[in-house]
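Visitor: Just to be clear, the model below is a prediction. Sequence and coordinates:
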Amino acid sequence: MAARPKLKSDKKEPAAETKPGEYPLGSGDLTSEVYHKVRDAIRKGTLSIGERVTEADLATRFGVSRTPVRDAIVRLEADGLLTNEPRRGLIITDLSHQQIVELYFMREVLEGAAARQAAQSASDIELRTIAEIAESESDHLGDFDELGEINVKFHRMTMLAAHNRYLLRSLSQLSVTMSLLPSLLSRGTRAADACKEHQEIVTALLARNSEAAEDAARRHVRSSLQHRMLLSIRNT
């Protein structure tokens, strides 16, 4: 008896899972590396808001070929960090005053909720970690690059300690847009003020006082917005 021909299966291979806020990479990890380096450069101010960028410039800056840069640009445009303007080309997105106000409104709501949840759900180890991160700030008040990294760790750990995947997804996406706002830590007394505000959040978290933790987190965000607005007025 002749063997029956094998039929081509209609079953498709499962697509690779993409995490919230991520996009499939066209050129492997190098694309992701360029993407995060651009975000970091914007946050630190080495790439200025409104500055024009090109594939060639970014490839030279990061010492890579144009292919991963091209793929990274697709992600950066999708996340709203780059805008393609007529006659100018790609620029670092310049948020309007209203967009900044809306962004901080959502940040206050989400970070307040994260602090409340962390006070209720975080493990003792997680809370001690948050406290240690906050304590380390006072040793780096003059080192703004290091202070910026510590600040990111503090907020990231608080987000994780909330143990709410949907809240974490929303905050992670929000942090992408926040990359467009250069750090305020080197401006005036903001570093010392932020350090004090973080300690107030920590005090509430360690006491497992969810209401006080949310209130402290919300006041911290409002303080940051006020500082940014005052700075904007002075520069106009």
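Guide: Cool, the structure landed.
Visitor: Now do the contacts for A122.
Guide: Neighbouring residues of A122 by CB atoms under 8 Å, 6 or more residues apart in numbering: I130, A161, A162, H163, L205. No exception for glycine: its C-beta is placed from N, CA and C like everyone else's.
Visitor: domain ranges for the protein?
Guide: The chain breaks down by automatic domain parsing into domains covering 29-92, 97-234.
Visitor: Could you export the contacts of A122 as TSV, including distance to Q120?
Guide: Listed next are the contacts of A122 as TSV, based on distance: CB to CB, whole Å:
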residue	distance to Q120
I130	14
A161	10
A162	9
H163	9
L205	10
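Visitor: Which ones among these lie within strands?
Guide: Using DSSP state E, no member of the contacts of A122 sits in strands.
Visitor: Show me those residues that map onto helices.
Guide: Here DSSP state H is the test, and the contacts of A122 give I130, A161, L205 as lying in helices.
Visitor: Buried residues, stretch 184-192. List them.
Guide: For stretch 184-192, burial by neighbour count (16 or more other CB atoms under 10 Å) applies to L184, L185, R190, A191.
Visitor: Make TSV out of the residues you listed and add distance to E51 and pLDDT.
Guide: Compiled in TSV, the buried residues of stretch 184-192 are given as follows (distance: CB to CB, whole Å; pLDDT from 0 to 100):
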residue	distance to E51	pLDDT
L184	19	89
L185	21	89
R190	23	93
A191	25	93
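Visitor: Quickly name whichever of those residues is closest to D40.
Guide: Taking CB to CB as the measure, D40 lies nearest L185 of these, at 14.5 Å.
Visitor: could you pull out the strands for this protein?
Guide: Along the chain, the segments classed as strands by DSSP E run 82-85, 89-92.
Visitor: ok now do the residue positioned nearest the centre of the chain, which residues does it touch?
Guide: Closest residue to the average C-alpha location of the chain: S175 at 2.8 Å, with CA atoms, centre = their mean. The contact partners of S175, by CB under 8 Å, 6+ apart, come to H155.
Visitor: now do 10 Å
Guide: By CB atoms under 10 Å, 6 or more residues apart in numbering, S175 lies in contact with G21, R39, R43, R107, L110, V152, H155, R156, M159.
Visitor: I'd like the distance between the residue nearest to the fifth one when sequence neighbours are not counted and K44.
Guide: The shortest distance from L110 to any residue that is not its chain neighbour, by CB to CB, 6 or more residues apart in numbering, is 5.2 Å, and that residue is L171. The span separating L171 from K44 equals 21 Å under the rule CB to CB, to the nearest Å.
Visitor: Repeat that for A115.
Guide: A115 sits 26 Å away from K44, going by CB to CB.
Visitor: what about A207, how many neighbours?
Guide: Neighbours of A207 under the rule other CB atoms under 10 Å: 12.
Visitor: I'd like the numbering to begin with 58 instead of 1 from here.
Guide: Yep, numbering from 58; the last one is A264 now.
Visitor: Test my guess that it contacts E257.
Guide: No: with contact defined as CB atoms under 10 Å, A264 does not reach E257; the gap is 11.2 Å.
Visitor: what sits in contact with each of these two?
Guide: Shared contacts of A264 and E257, defined by CB under 10 Å, 6+ apart, comprise A270.
Visitor: how much space is there between the closest residue to L115 other than its chain neighbours and T186?
Guide: Sequence neighbours aside, V126 is the residue nearest to L115 in space, at 4.7 Å (criterion: CB to CB, 6+ apart). Taking CB to CB as the measure, V126 falls 36 Å from T186.
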